[in-house]
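1. I would like the atomic coordinates for the input below:
(one chain, ligands or ions: 1)
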Amino acid sequence: TMRESYASENDSGFKCLNPDLRSIVVVGGNGQLGKLFCKLFSLSGYDVKVLGSQDWDRADEILADAGMVVVTVPINRTDTIIRKLNTLPDDCILADLTSIKSEPLQAMLESHNGPVVGLHPMFGPNIPSLAKQVVVYCDGRNPEAYQWLLEQIRIWGATLHRISAIEHDQGMTLIQALRHFTSFVYGVHLAEENPNLSQLIALSSPIYRLELAMVGRLFAQDAQLYADIIMSSPQNLDMIKRFHARFGEAIALLESDDKAEFVGAFGQVENWFGDYADRFLRESQSLLQQANDSTQR
Ligand code: NAD
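-> Residues are numbered from 1 along each chain as shown. The predicted structure follows:
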């Protein structure tokens, strides 16, 4: 299986698809995601160098023989840092791992004349392997120059998904910004209401326990990263405001005490989900079964 082949290759390193590449410079390589990618590149036989926040006085030296530069710094500094990378060798590949794609891709295209590709790993730094994980990529310039990189990521076990930067960012408005924001607000609400959490858990059905876990896990992670993701674009705020307005409409529905209208609205959403409603019911049942089997009490 893929997991087994990952484990066995991981011991001896991965196959190197571009052994002639000059060094890979990871800007932000001491960070969480940066460390993971440094490790994967090193295990694949590449010469990896880190350009950390304290290294800019030596940047020319570190970047001089770069065959590829990968930017993985806090979102709010990404644009400024990419714009400093404007004297790379012409054949050098410039890539980034940022959770948003339009702005960094634009900055990379403006800063560098050579090959450019935007990557978004859809996982955090703590995964045991890349098997079954997805890496999204957005073509920037000269895709033929970085096909080996995409293939290298496949060798690590991940699936690649190509998308335009604009569509990516629109998707992330729902998948990341709105979802993390609603978890944040639910957490704020719980903290303010201050229920006895262990008692709530004791009273919980498996699905509510899972919902609590989905919310609670946010607060075990980095606040700055989530602030940056949620506040990364004005579209996110617009989306969140529309969601808020719909809460207001739904509350008005409750206040009117009109069950027939509630049932009507419910039916419209049911229609919108179509076949997915049943599919999701079955899928969540098997997930809940697994969660039940593995819950630590
Ligand atoms: P992090 O804070 O752990 O790492 C960022 C690193 O950048 C740090 O080592 C920091 O010292 C360094 N840095 C800051 N300023 C710098 C500068 N001027 N020059 C060089 N280095 C500098 O953050 P992270 O979680 O690893 O996130 C990095 C990127 O990865 C972000 O763009 C984020 O959107 C993306 N990302 C993160 C995750 C995740 O779950 N952590 C998932 C997908 C994508």
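
2. please report how far the residue positioned nearest the centre of the chain lies from the ligand.
-> Here the mean C-alpha position of the chain is nearest to the C-alpha of residue 122 (CA atoms, centre = their mean), at a distance of 3.8 Å. Going from residue 122 to the ligand by CB to the nearest ligand atom, to the nearest Å gives 7 Å. All C-beta atoms are positioned from the backbone trio N, CA, C, and that covers glycine.

3. who touches that residue in this structure?
-> Applying CB atoms under 8 Å, 6 or more residues apart in numbering, one finds that residue 122 lies in contact with 133-136.

4. among these, who's most crowded?
-> residue 136 (21 neighbours; other CB atoms under 10 Å).

5. which strands and helices sit next to the helix or strand harbouring residue 192?
-> If you go by DSSP states H and E, residue 192 is part of helix 179-193. For helix 179-193, the packing partners by 3 or more CB pairs under 8 Å, 6 or more residues apart in numbering; DSSP states H and E come out as helix 206-216, helix 223-230, helix 234-255.

6. is the ligand within reach of that helix?
-> No. On the criterion CB under 6 Å from any ligand atom, helix 179-193 is out of touch with the ligand, staying 11.4 Å away.

7. which other residues reach the helix or strand that that helix is followed by?
-> Heading C-terminal from helix 179-193, the first helix or strand you meet, by DSSP H and E, is helix 197-203. In this structure, residues lying in contact with helix 197-203 by CB under 8 Å, 6+ apart are 190, 209, 212.

8. so how far is the longest strand that the chain contains off the chain centroid?
-> In the chain, taking DSSP state E as the definition, the longest strand is strand 134-141. Counting by CA atoms, centre = their mean, to the nearest Å, strand 134-141 is centred 13 Å from the centre of its parent chain.

9. all the helices of the chain, in order from the start?
-> 2-12, 32-43, 59-63, 75-84, 102-111, 147-155, 165-172, 179-193, 197-203, 206-216, 223-230, 234-255, 259-273, 275-294 (DSSP state H).

10. turn the ones you listed into CSV, columns for mean pLDDT, distance to residue 20 and mean neighbour count.
-> Below are the helices of the chain laid out as CSV (pLDDT from 0 to 100; distance: least, CB to CB, whole Å; neighbours: other CB atoms under 10 Å):
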stretch, mean pLDDT, distance to residue 20, mean neighbour count
helix 2-12, 49, 21, 12
helix 32-43, 97, 15, 19
helix 59-63, 97, 19, 14
helix 75-84, 96, 26, 17
helix 102-111, 98, 23, 20
helix 147-155, 98, 10, 17
helix 165-172, 96, 30, 18
helix 179-193, 98, 41, 14
helix 197-203, 94, 56, 11
helix 206-216, 92, 45, 15
helix 223-230, 94, 35, 16
helix 234-255, 96, 42, 12
helix 259-273, 97, 51, 10
helix 275-294, 90, 45, 11
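
11. what are the phi and psi angles of residue 98?
-> In terms of degrees, to the nearest 10, the main-chain angles of residue 98 are phi -70, psi 150.

12. alright, that wraps it up for me.
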